[in-house]
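Undergrad: here you go, sequence then predicted model.
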Amino acid sequence: MDFLVDEDLSWHARDFLRERGHYAVHVVDVGLRSMPDESIADYAKAQRLRIVTADKGFTDIRNYPPADYFGIVVLRANTEYESTDFYIGLLDALLGHEELVAQLSGKLAIVSSSGIRIRTK
């Protein structure tokens, strides 16, 4: 799978995905630092990348309809300030569901410590 890691997540998330055999770039790697969400979404769509973010704005399916993307993964924090290790743990939990990851295109996956919720519309 190919992923674009949003700026609100550490580059460690990108490295974690790479270590698990996935292609992953961080928005900083591709010149999208401090760009609006719309620009990040457009880039991901053009490059056929799945977005990985902690930005709740990407859960708004009116602005980011899952069917228009190759997958959107939103990692939900328990508190306002979570550690990188917390987010890596959520990514690890997601990757443990290989069939889900393989079928992420056209879906929004909201990953939290209580589980994974999938939205298609």
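TA: Yes, it's here.

Undergrad: which one in this protein is furthest away from the centre?
TA: What lies farthest from the middle of the chain is Thr79; by Cα atoms, centre = their mean that is 18.4 Å.

Undergrad: who are the packing partners of the helix or strand hosting Arg14?
TA: For Arg14, the element it lies in under DSSP states H and E is helix 11-19. Secondary-structure packing of helix 11-19 (3 or more Cβ pairs under 8 Å, 6 or more residues apart in numbering; DSSP states H and E): strand 2-5, strand 23-26, helix 84-95. For the C-beta atoms, the positions are set from N, CA and C on the backbone; glycine is no exception.

Undergrad: for it, the distance to its chain's centre please.
TA: Relative to its chain's centre, helix 11-19 lies at 12 Å (Cα atoms, centre = their mean, to the nearest Å).

Undergrad: and for stretch 8-15?
TA: The answer for stretch 8-15 is 10 Å, by Cα atoms, centre = their mean.

Undergrad: and the contacts of stretch 65-74?
TA: The contact list for stretch 65-74, computed with Cβ atoms under 8 Å, 6 or more residues apart in numbering, reads 1-3, 41, 44-45, 48-56, 58-59, 64, 94, 104-111, 119-121.

Undergrad: contacts only, for the spatially most central residue of the chain.
TA: Nearest residue to the geometric centre of the chain (Cα atoms, centre = their mean): Val52, 1.2 Å. Val52 is in contact with 3-6, 9, 13, 17, 24, 73, 75, 91, counting by Cβ under 8 Å, 6+ apart.

Undergrad: Ile110 versus that one, what's the distance?
TA: Counting by Cβ to Cβ, to the nearest Å, the gap from Val52 to Ile110 is 12 Å.

Undergrad: still on that earlier bit, now the residue nearest to the centre of the chain, which residues is it bridged with?
TA: With DSSP bridges as the criterion, Val52 is bridged to Val5, Val73.

Undergrad: perfect, that will be all.
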